[in-house]
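K.L.:
Here's a sequence, model it:
(2 chains)
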Amino acid sequence: MTDSPPPTAPMPITPWTLFYTFASMGLQGFGGVMAWARRILVEDRGWVDNREFTELLALSQILPGPNICNLASILGYRWCGFRGAAAAVTGLLGPSGLIVLGLGALYEHFQNAPGVAGAVHGMTAVAVGLVFAAGVKLAQSQPRNLRGPILGVAALVAVAVLHWPLVWVLGVLIPLALLLEWRSGKAVQA
Amino acid sequence: MSILIQLFLQFVLISLLAFGGASATLPEMHRFLVVQHHWVDDHTFSSLYAISQAAPGPNVLFVALFGWHVAGLAGAAVTLFAMCIPAALLALMVEHYMSRYPHHRWHFVLRRALAPITIGLVFATALIVFQGAPVHLGAVLTVIATTWITLRTRFNALWLILAGALLGGLGWI
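P.N.:
Below you'll find the model as predicted:
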């Protein structure tokens, strides 16, 4: 079974094509780039198939660091070594980073102009809603059990209410979560 | 210690703790930049995050705005570099030495174990950004409406951000 049609004319992959492919991905991606990454890398370019992409995504997600940067560096490295990794990450972050900084500069310059403060309040409320909805979507995808909500609420309270350093919070919660997961796996097998 | 070095060290640490993506570490950035050092105030912190959401590009770019607010262009470069490059090098090491075992069970167990913590951190991020906005009925209704629209429809997030900017600019939020 094939998940995607084979590419008709495979394009030679060079650091330069990596740079502008990841740059165009960054510039099109509003509200997250991962959906565009799949569309461009799997469907448009045919550089990886769907299964490979899903495996890469899973690996990028369990490794620390921004997922899309991990994915870009691994793919760039697979095809063109360190130069490819550097080209992919630079393309991903450079052009869209300049746009973000430009918007930030405009804000600092015009923040006292009439309407600007209100506009940013409105955007902030929408941004909160977007993050909240992302949390709800993730929670809906989880198996129904007790340890999930308990670990989640513990993380929420520790960092957002008590303002404890993340390194301590994760230092306690990750081993605890692994222990609980391992024990429940044993319970299922028994 | 120079501000740039402090930014670099802290954001390298944050990067290596970012198991649920960049947004899940926003509360830690808030603790460091707002609570501990007072380099950014609550309101600016939330505003810069909101502005980053109106721009294209990977979510992680909001860290460049924080770095830029604290220490100019050098600050932006340092935070973005620290956030992305050490983790990317770690990913390359894993790719280089472990790509022979892609179906290993540790993948699966680790992801299942980490997911609830990540979800808690994502809700923490929403709470922290909300703290920096002026809390009144319009803002609360906007959060509820955005959540509902995002979960029920396939509207692009950019249109929601622009609608928020328009309604806010008119003084309705």
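K.L.:
nearest spatial neighbour of the most centrally placed residue in chain A, skipping sequence neighbours?
P.N.:
Residue closest to the mean C-alpha point of chain A, counted by Cα atoms, centre = their mean, is residue A:67 at 4.2 Å. Of all residues not flanking residue A:67 in the chain, residue A:60 sits nearest, at 4.4 Å (Cβ to Cβ, 6 or more residues apart in numbering or on different chains). In short, each C-beta sits where N, CA and C put it, glycine included.
K.L.:
what sits against that neighbour?
P.N.:
Contacts of residue A:60 were listed using Cβ atoms under 8 Å, 6 or more residues apart in numbering or on different chains, and they are A:67-68, A:70-71, A:74, B:91.
K.L.:
Closest one of these to residue B:30?
P.N.:
residue A:67 (20.8 Å; Cβ to Cβ).
K.L.:
Quick check: the closest one touching residue A:61?
P.N.:
Yes. At 5.4 Å, residue A:67 counts as touching residue A:61 under the criterion of Cβ atoms under 8 Å.
K.L.:
got any residues that touch both of the two?
P.N.:
residue B:21.
K.L.:
circling back: export the one helix or strand the residue nearest to residue A:67 maps to as PDB, just CAs?
P.N.:
If you go by DSSP states H and E, residue A:60 is part of helix A:50-62. The C-alpha coordinates for helix A:50-62 follow below in PDB (Å, rounded to 0.1, in the frame of the first residue of the first chain):
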ATOM      1  CA  ASN A  50       3.600   9.800   4.500                       C
ATOM      2  CA  ARG A  51       4.900   7.000   6.700                       C
ATOM      3  CA  GLU A  52       8.400   8.500   6.900                       C
ATOM      4  CA  PHE A  53       7.000  11.900   7.600                       C
ATOM      5  CA  THR A  54       4.800  10.500  10.500                       C
ATOM      6  CA  GLU A  55       7.800   8.700  12.000                       C
ATOM      7  CA  LEU A  56       9.900  11.900  11.700                       C
ATOM      8  CA  LEU A  57       7.100  13.900  13.300                       C
ATOM      9  CA  ALA A  58       6.900  11.500  16.200                       C
ATOM     10  CA  LEU A  59      10.700  11.600  16.700                       C
ATOM     11  CA  SER A  60      10.700  15.500  16.500                       C
ATOM     12  CA  GLN A  61       7.900  15.600  19.100                       C
ATOM     13  CA  ILE A  62       9.600  13.400  21.700                       C
END
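K.L.:
what residues go with each domain of chain A?
P.N.:
Annotated domains of chain A cover A:15-142, A:145-190 [automatic domain parsing].
K.L.:
Of the ones you listed, which stretch is the most buried?
P.N.:
Across those, averaging neighbours per residue (mean count of other Cβ atoms under 10 Å in any protein chain shown) puts domain A:15-142 on top, at a mean of 20.
K.L.:
which element is residue A:134 on?
P.N.:
Following DSSP H and E, one finds residue A:134 within helix A:116-140.
K.L.:
still on that earlier bit, where's the residue nearest to residue A:67 relative to residue A:74, distance?
P.N.:
Taken as Cβ to Cβ, to the nearest Å, the spacing of residue A:60 relative to residue A:74 amounts to 7 Å.
K.L.:
next one: residue A:33
P.N.:
15 Å.
K.L.:
Any residue of stretch A:131-139 touching chain B?
P.N.:
Yes. Contact of stretch A:131-139 with chain B is found when judged by Cβ under 8 Å from any Cβ of the partner chain, involving A:131-139.
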